[in-house]
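A.B. asks: Got a sequence here, can you build the structure:
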Amino acid sequence: MTSTSTTSEDSPGTPTPGVPPEPAEPGRAGRVVRYVAGRLTIAVASLAAVVVAGFFLFRILPGDPVRAMTEGREVTAEQREELRRQFGLDQPLWQQFLDYASGLLRLDLGMSFQYREPVAELILNRLGPTLLLAGTGTVIAALLGLFLGSRAGWRPGGRPDRVHTAVALFFWSVPTFWLGLLLIVFLASGRGFIPGMFPTGGMVDPRTDGLADTVLNTAWHMVLPITTMVAVIYAQYLMIMRSSLMDEKGADYLTTARAKGLRDALVRRRHAVPNALLPTVTLVFLNLGQVVSGVILVETVFSWPGLGQLFYSGLRVPDLGLVQGLFVVFAASVILMNLLADLVYPLLDPRVRP
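C.D. replies: The predicted structure is shown next:
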């Protein structure tokens, strides 16, 4: 009777002596936790880098804040030194940075040199107008760009595609301040037979009385700034939507939908467009982050009392506390929206789930 010996090769589950076992593959929950932790780490590191870079970047701006604050006034050298001491400008640069960083940990953005108010209060007071203007403009630009891009990308090379793409790229290349000034000249100030139909700047007429009149007057003041903003940025959505839809046109699921007898417009609207929208998620979130920063040039040209105009006024002094605080808020909003995009996108597209 012949005995049969069993080797380790015949038994895959038996560990080989002297060979360490292979590590078990982490479960889905572990992969999700590592993915989220990695994205949070990147976001925190990015914000820390922004804080450091922003602090030293604004310190090399030309100009003396104390001199700008006391310009045109009878101020002695001792009084200037006292102002430097009050705002901490007499401290070494490293000490100023430590004081600034410790204040950020307490959500204290410092004091504004020119307004003599806490930066956090100034930002909160100007946040509403910026969200109203930039938020409305972003929503209109996204809807317009996605609508036109879906039609341009469905039949690339056709007349609608050529017209929409050419117009969008033209406005995208136009400087924002130049387009805003043109609208003010022709539609606000009035030229020749064209009367001045819109306000030249501001958010609401101070003589307006009543809630309904205030809402209508504010909407009237928003027409030119939003037109400028939408004209410049809607091309981003149009081009990405057009490119995404062109990539989806040859997909098998669209061929199957056509084989079922669905109309071409129905195939585009119900099947192609929802899948083509996925690459625009990141762009939408990034632009939502930029809503907080507003459109600096648009707010400056149209004297809109938002964060953009506040940032511009801080740069002119320079108001170090104000521009640093706004810079951190702007960067934090973009980083936060980018983080949300990274977390939401895997939920929408199973192909990139951890």
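A.B. asks: Every contact and neighbour count from this point should use C-alpha atoms.
C.D. replies: Fine.
A.B. asks: Verify the stated contact: Ile296 with Tyr312.
C.D. replies: Yes. Applying CA atoms under 8 Å, one finds Ile296 in contact with Tyr312, separated by 7.2 Å.
A.B. asks: Quick check, pLDDT for Arg353.
C.D. replies: Arg353 carries a pLDDT value of 60.
A.B. asks: What of Ser3?
C.D. replies: In this prediction Ser3 is given a pLDDT of 48.
A.B. asks: again, but for Val163
C.D. replies: 89.
A.B. asks: May I ask which helix or strand encompasses it?
C.D. replies: In this structure, Val163 sits in helix 159-173 according to DSSP states H and E.
A.B. asks: Can you name every helix or strand that that helix contacts?
C.D. replies: With contacts defined as 3 or more CA pairs under 8 Å, 6 or more residues apart in numbering; DSSP states H and E, helix 159-173 has these neighbours: helix 119-154, helix 211-248.
A.B. asks: The longest one vs helix 159-173, what angle?
C.D. replies: Read that as helix 211-248. On the basis of axes from the mean of the first three to the mean of the last three CA atoms, to 10 degrees, helix 211-248 is oriented at 120 degrees to helix 159-173.
A.B. asks: hmm, back to that, tell me the buried residues in the helix holding Val163?
C.D. replies: Pro160, Asp161, His164, Thr165, Ala168, Leu169, Phe171, Trp172 (16 or more other CA atoms under 10 Å).
A.B. asks: Low-confidence regions, this structure specifically.
C.D. replies: 1-28, 60-75, 79, 83, 86-89, 190-195, 250, 271, 290-294, 348-354 (pLDDT under 70).
A.B. asks: Tabulate the helices and strands packed on helix 159-173 in TSV, adding columns for distance to Phe198 and mean neighbour count.
C.D. replies: Shown next, in TSV, are those (distance: least, CA to CA, whole Å; neighbours: other CA atoms under 10 Å):
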stretch	distance to Phe198	mean neighbour count
helix 119-154	16	20
helix 211-248	7	20
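A.B. asks: Arg31: which of those is closest?
C.D. replies: helix 211-248 (28.7 Å; CA to CA).
A.B. asks: Tell me what angle that closest one forms with helix 119-154.
C.D. replies: 50 degrees.
A.B. asks: Work out the gap between helix 211-248 and the centre of the chain.
C.D. replies: Averaged C-alpha coordinates place helix 211-248 at 15 Å from its chain's average position (CA atoms, centre = their mean, to the nearest Å).
A.B. asks: Which elements pack onto the helix or strand containing Glu82?
C.D. replies: Using DSSP H and E, Glu82 falls within helix 77-86. Packing partners of helix 77-86 (3+ CA pairs under 8 Å, 6+ apart): helix 65-69.
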